[in-house]
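> let me see the structure of the following:
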Amino acid sequence: MRLVALLTTAILIAGCGPVSVNTSDAAAADAGAAEQTAGQAEVEAQARPEVEVETFARELYSQMFEDGLAPLDEANSGLWTPQAWADIEAAWARDPGAISADPLCFCQDPTGMEAGDITARFIGDDTAEAAVVLSPAGEPATVTLRLKKVDGAWLIDDVLDPNGGSFRQALADGQA
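Numbering: from 1, shown residues only. Here you go, the predicted structure:
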């Protein structure tokens with residue numbers, strides 16, 4: 001929510017330029033150019049629908065790394081699509097220790113990790129991917145969230161490890 005508030009404020013500020021009292025031709029031309037630039041920035045921000053997906057991913061990882069969010073805690077099942085959560089529960093029903101690592105970082109403990117660049121792309125009208133560069137000890141690794149929009153909210157449908165392996169497929173194969 002903090003990032004959403006910051007983005008909203010930035011967009012509103014971009015549209016509100018300073019008012020110029022000087023009426024000279026040069027000042028008027030400068031003011032017109034400033035208004036056009038501010039207007040273009042606002043249009044560009046609105047024209048990038050990926051921002052919503054990027055914001056979802058950034059907030060998710062921020063809550064995980066800074067606030068201790070546990071994505072596999074039953075209280076957080078609402079982060080997942082119903083199908084993905086059903087797969088998680090089915091894996092636990094087969095073997096309570098079936099999931100050996102956190103699927104959002106493919107790690108045991110995310111302490112000290114950070115999310116770097118996030119790149120979003122749409123796959124369909126209500127599906128998207130967010131590639132998130134994580135900085136664990138050693139080399140940065142990219143984890144890809146496969147997201148679906150359900151009832152107006154982005155939810156995690158699958159997570160691809162740095163090698164492209166699917167978390168849900170690993171659950172189905174008993175290798176999560």
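> when you work out contacts or count neighbours from here on, use the C-alpha atoms and nothing else.
Noted.
> and the gap between the most centrally placed residue in the chain and Val51?
Of all residues in the chain, the one closest to the mean position by C-alpha atoms, centre = their mean is Ala57, 1.5 Å from it. Separation of Ala57 from Val51 (C-alpha to C-alpha, to the nearest Å): 10 Å.
> for Ala120, helix, strand, or coil?
Counting by DSSP: H, G, I helix; E, B strand; the rest coil, the backbone at Ala120 sits in strand.
> the closest residue to it other than its chain neighbours sits in which helix or strand?
Distance criterion C-alpha to C-alpha, 6 or more residues apart in numbering; nearest residue to Ala120, sequence neighbours excluded, is Ala130 at 4.3 Å. In the assignment (DSSP states H and E), Ala130 maps to strand 127-134.
> strand partners (parallel or antiparallel) of that strand?
In its sheet, strand 127-134 lies beside strand 115-124 (antiparallel), strand 141-150 (antiparallel), with partners assigned from DSSP bridges.
> out of these, which one sits most buried?
strand 141-150 (a mean of 22; mean count of other C-alpha atoms under 10 Å).
> give me the contacts around that one.
57, 81, 104-105, 126-135, 154-162 (C-alpha atoms under 8 Å, 6 or more residues apart in numbering).
> so how far is it off the chain centroid?
8 Å (C-alpha atoms, centre = their mean, to the nearest Å).
> remind me what whatever helix or strand comes next after that strand packs against, helices and strands.
The first helix or strand that comes after strand 141-150 along the chain, using DSSP H and E, is strand 153-160. Applying 3 or more C-alpha pairs under 8 Å, 6 or more residues apart in numbering; DSSP states H and E, one finds that strand 153-160 contacts helix 82-94, strand 141-150, helix 167-172.
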